[in-house]
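**Q** Got a predicted model here, sequence first, then my questions.
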Amino acid sequence: MDEHDWLASQFEEFRPHLRSVAYRMLGSLTEAEDAVQDAWLRVSRAGADNVDNLGGWLTTIVARVCLNQLRSRTARPEELRDVHVPDPVLRLTDDREQPEDEAVLADSVGLALLVVLDTLSPSERLAFVLHDMFDLPFDEIGPMVDRTPAAARQLASRARRRVRGTESAAAGAARAPGAAEPERDRRRQREIVTAFFSAARDGDFDALVTLLDPEVVLRMDGGTKYPRASAVIHGAEGVAQQARRGLRSLLRLEYLDIRPAIVNDAEGVVVYLHGQPATLIGFTIVNGRIAEMDAIADPERVARLVAAAAERG
């Protein structure tokens, strides 16, 4: 085996890890795949001579590619949206034997946390992801953002405070010391989500409020094509009113179908209209109540995510 074939083989072994890094950095499955492929092109041209820690070296290359993409986003404000829900890792069945790469992507990162990561600056996000999620030392992170190790540590610390202090109850619960952890029991999650849609169908406001955390956040992303569908609603009463007003009539339509799905290893649903996927919703449940709902209401984007999930099996 020549050096190029050996390097290609090693890169494939690290690909799930690299995709996991890119997904956390970018919050987009498509962009994560592109970033990993871009990294491979750079690696294949440069070779790996005198590289002692191949995994660490590959991680830094992918991270730099992602950092450039994040900086490019901020340089194009016309493409930014007030409400953005990152791409979820979607499974259409409750089959626990999920593909290994999908498990790597979803492991220990909820959709709520990805939403918070979108609020960080590119340098903060890189420092937080690489250090807090992948244990990369600051003396390796610093040069990527043109900072000293001490300054990189400050970036990660600032990002950590943002994550812990976020208005998202779910992300806070996942990260704040001593706070309640999101519910992990899939059956319990599904019971609560089913009860939520049942209460919405019946227009039972009190039941909806009971199922919602007092500080619940509903985030709806209609994308650039459907901006009127985008909104952020805070609080149990506001979310209950939206559910009762927006869902009650829809849920009684014969051509509407709500199918369970797994969204970043938590309970979710895909809403179909006339047999076509239209809306995707991920739920985060804490202490027996819904703490966050993240919805993608762009039918074209939902269709792409569903098609990709079906292709992965």
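**A** Noted; the coordinates are in hand.

**Q** drop to CA atoms for contacts and neighbour counts, all remaining ones
**A** Fine.

**Q** Do a quick rundown of the helices in this structure.
**A** 3-26, 29-46, 54-74, 100-106, 111-117, 122-128, 138-144, 149-164, 169-175, 186-202, 205-211, 236-251, 299-312 (DSSP state H).

**Q** What are the contacting residues of the second one?
**A** The list of residues contacting helix 29-46 from outside it, by C-alpha atoms under 8 Å, 6 or more residues apart in numbering, reads 4, 7-8, 11, 15, 18-19, 22-23, 26, 58, 61-62, 65-66, 87-89.

**Q** 6 Å instead?
**A** By C-alpha atoms under 6 Å, 6 or more residues apart in numbering, the residues outside helix 29-46 that reach it are Arg19, Ala22, Tyr23, Val62.

**Q** which of the residues in that helix are buried?
**A** Using 16 or more other C-alpha atoms under 10 Å as the test for burial, helix 29-46 gives Leu29, Glu31, Ala32, Glu33, Asp34, Ala35, Val36, Gln37, Ala39, Trp40, Val43.

**Q** And the last one, by the same measure?
**A** Within helix 299-312, the residues that qualify as buried by neighbour count (16+ other C-alpha under 10 Å) are Pro299, Glu300, Arg301, Val302, Ala303, Leu305, Val306, Ala308, Ala309.

**Q** what sits against the fifth one?
**A** Looking back up the chat, that one is Ala303. By C-alpha under 6 Å, 6+ apart, the contact list for Ala303 reads Pro277.

**Q** again, only using 8 Å
**A** By C-alpha under 8 Å, 6+ apart, the neighbours of Ala303 are Gln276, Pro277, Ala278.

**Q** Can you tell me which of the residues you listed has the most neighbours?
**A** When neighbours are counted by other C-alpha atoms under 10 Å, Pro277 leads these with 25 neighbours.

**Q** wait, doesn't it sit right on Val269?
**A** No. Using C-alpha atoms under 8 Å, Pro277 makes no contact with Val269, being 10.4 Å away.

**Q** which stretches of the protein have low pLDDT?
**A** Applying pLDDT under 70 to the chain picks out residues 1, 75-81, 94-108, 166-180, 313.

**Q** Tell me which residue is most central in it.
**A** Residue closest to the average C-alpha location in the chain (C-alpha atoms, centre = their mean): Leu111, at 3.7 Å.

**Q** Just confirm Asp265 contacts Leu111, I think it does.
**A** No. At 9.2 Å, Asp265 does not count as touching Leu111 under the criterion of C-alpha under 8 Å.

**Q** for the helices of the chain, which one sits closest to Leu218?
**A** The closest of the helices of the chain to Leu218 is helix 236-251. By C-alpha to C-alpha, the value is 6.5 Å.

**Q** May I have that closest one exported as CSV, CA atoms only?
**A** Below are the C-alpha coordinates for helix 236-251, written out as CSV (Å, rounded to 0.1, in the frame of the first residue of the first chain):
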residue,chain,number,x,y,z
ALA,A,236,-46.3,28.0,28.7
GLU,A,237,-49.3,30.1,28.1
GLY,A,238,-48.0,31.6,24.8
VAL,A,239,-47.0,28.2,23.5
ALA,A,240,-50.3,26.7,24.6
GLN,A,241,-52.3,29.4,22.8
GLN,A,242,-50.3,28.9,19.7
ALA,A,243,-50.8,25.1,19.8
ARG,A,244,-54.5,25.5,20.4
ARG,A,245,-55.0,28.1,17.7
GLY,A,246,-52.6,26.7,15.1
LEU,A,247,-52.9,23.0,15.6
ARG,A,248,-56.5,22.3,16.6
SER,A,249,-58.1,22.6,13.2
LEU,A,250,-55.1,21.1,11.3
LEU,A,251,-55.1,18.0,13.5
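
**Q** That one: how far from the chain's middle?
**A** Relative to the chain's own centre, helix 236-251 is displaced by 24 Å; criterion: C-alpha atoms, centre = their mean, to the nearest Å.

**Q** Identify the residues contacting it?
**A** Identification of contacts with helix 236-251 by C-alpha under 8 Å, 6+ apart yields 200-205, 208-209, 212-218, 233, 256.

**Q** Now that helix: buried residues?
**A** Ala236, Glu237, Gly238, Val239, Ala240, Gln241, Ala243, Arg244, Leu247, Arg248, Leu251.

**Q** how far off helix 186-202 does it point, in degrees?
**A** Helix 236-251 and helix 186-202 meet at an angle of 70 degrees, taking axes from the mean of the first three to the mean of the last three C-alpha atoms, to 10 degrees as the criterion.
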